[in-house]
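[1] Pasting the sequence and the predicted model now:
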Amino acid sequence: MSGRDALDFRAGRLRDLLNSHTKNAAHLPEAPERVHEAWAKVVELSDAASDALDAWYMIRHEGEQAERARLAAHRAHLAGEGPKPKGAYKPMDVDARRADALLACQARADLAFGARGQYDQVLKDPKVLEETRAALVAKFDGLQDKTRKAVAEAEAAFHTWIRVMNDLAQVTLDLDLGRDQDGMAPPTDSDHRRWFDQAHEAWANLDRLLGSNHPVATGRWAAMSREELEAKPPVWARELLSLNLPWSSDWKRLRRVELLERRVVTTLEIPADMSPAEAKDLLPSTR
């Protein structure tokens, strides 16, 4: 069965290409339905190509079985245990079958690759991105409050567990149960104490984060409207500037932004630390 190694290499390469092109979805669960349909087509065609490759490997197995049967027949004849095998054995028939079947596998794989290309094009459609973002914004709205409530419930359950655990340990010791040979209670090592300390700190940090209105820390900036995000500067940037103290450089930057937006009308409104070049664009005579 000459050429078997070359065909095996091609089949293995084809399998790798199928896995790399069609096994990794690139869309989010919130993507519109047409994206999911495009991906389902990729999976369908990829599975068909993989099944064809599986069947292709069986052709080789069948050829090997035929070779073993022919060899067994010759051995039986030489041992006087059977007739001489009839007809000419043509191993190249198996190679031809494998080569042709592999071409059919390639054709199926090409269909899967084409479907993946179409899927990638759908993902690049700005309308798809807009619809995906709208679905994410809808899911994001109110999610922070829900998460904060869930964390509060989990924290309450955690503290209940701690109290019951400590009370149970104390009552058990009061009954002189569970002490070691020296009459000592089970020790709490440094690692366990550190775990409890970190757990207590974690609840406080989670509450601080989930109770925040910071536009970046909470991810709120990404849920803002297009108008808010396209503003100059974006609303989230304005919020960050306003969080700083009046004498900070960010606050001064915000002051400049506000002046540019409402167009000052007198030199008295120009901040003392603003350069002449900056002030020139604000004065009425330069409009």
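    Done, it's in. Numbers count the residues shown, from 1 in each chain.
[2] which non-adjacent residue is nearest residue 151?
    Nearest residue to residue 151, sequence neighbours excluded (C-beta to C-beta, 6 or more residues apart in numbering): residue 206, at 5.2 Å. For every residue, glycine as well, the C-beta is placed using N, CA and C.
[3] Hmm, I typed the wrong one, I wanted residue 221.
    For residue 221, ignoring the flanking residues on the chain, the nearest one in space by C-beta to C-beta, 6+ apart is residue 236 at 3.6 Å.
[4] Could you check which helix or strand contains the one you found?
    Using DSSP states H and E, residue 236 maps to helix 235-242.
[5] and that helix, what does it pack onto?
    helix 226-230, helix 249-262 (3 or more C-beta pairs under 8 Å, 6 or more residues apart in numbering; DSSP states H and E).
[6] Where does the prediction get shaky in the stretch 101-250 of the chain?
    Residue ranges of the stretch 101-250 of the chain with pLDDT under 70: 244-250.
[7] residue boundaries of the helices in the stretch 51-200 of the chain?
    Ranges of helices in the stretch 51-200 of the chain, per DSSP state H, counting those that start in this stretch, are 91-124, 126-140, 143-174, 190-210.
[8] Backbone dihedrals for residue 177, please?
    Per-residue torsions, residue 177: phi -110, psi 140 (degrees, to the nearest 10).
[9] How about the contacts made by it?
    Neighbour list for residue 177: empty [criterion: C-beta atoms under 8 Å, 6 or more residues apart in numbering].
[10] tell me, how many neighbours does the residue lying closest to residue 173 once chain neighbours are set aside end up with?
    Take residue 173 and drop its neighbours on the chain: the residue closest to it by C-beta to C-beta, 6+ apart is residue 185, 5.4 Å away. Residues near residue 185, counting by other C-beta atoms under 10 Å, number 12.
[11] Go ahead and confirm residue 185 touches residue 174.
    No. At 10.8 Å, residue 185 does not count as touching residue 174 under the criterion of C-beta atoms under 8 Å.
[12] Would you agree residue 236 is in contact with residue 219?
    No. The criterion here is C-beta under 8 Å, and residue 236 misses it with residue 219 at 10.3 Å.
[13] And the two? Which one has more around it.
    residue 236 (18 against 12).
[14] what separates that one from residue 81, distance-wise?
    Look at residue 236 and residue 81: by C-beta to C-beta, to the nearest Å, they are 88 Å apart.
[15] ok so, going back, in the helix holding residue 236, what counts as buried?
    The neighbour-count check on helix 235-242 (16 or more other C-beta atoms under 10 Å) flags 235-241 as buried.
[16] So what does residue 79 look like in phi/psi?
    According to degrees, to the nearest 10, residue 79 has phi -90, psi 0.
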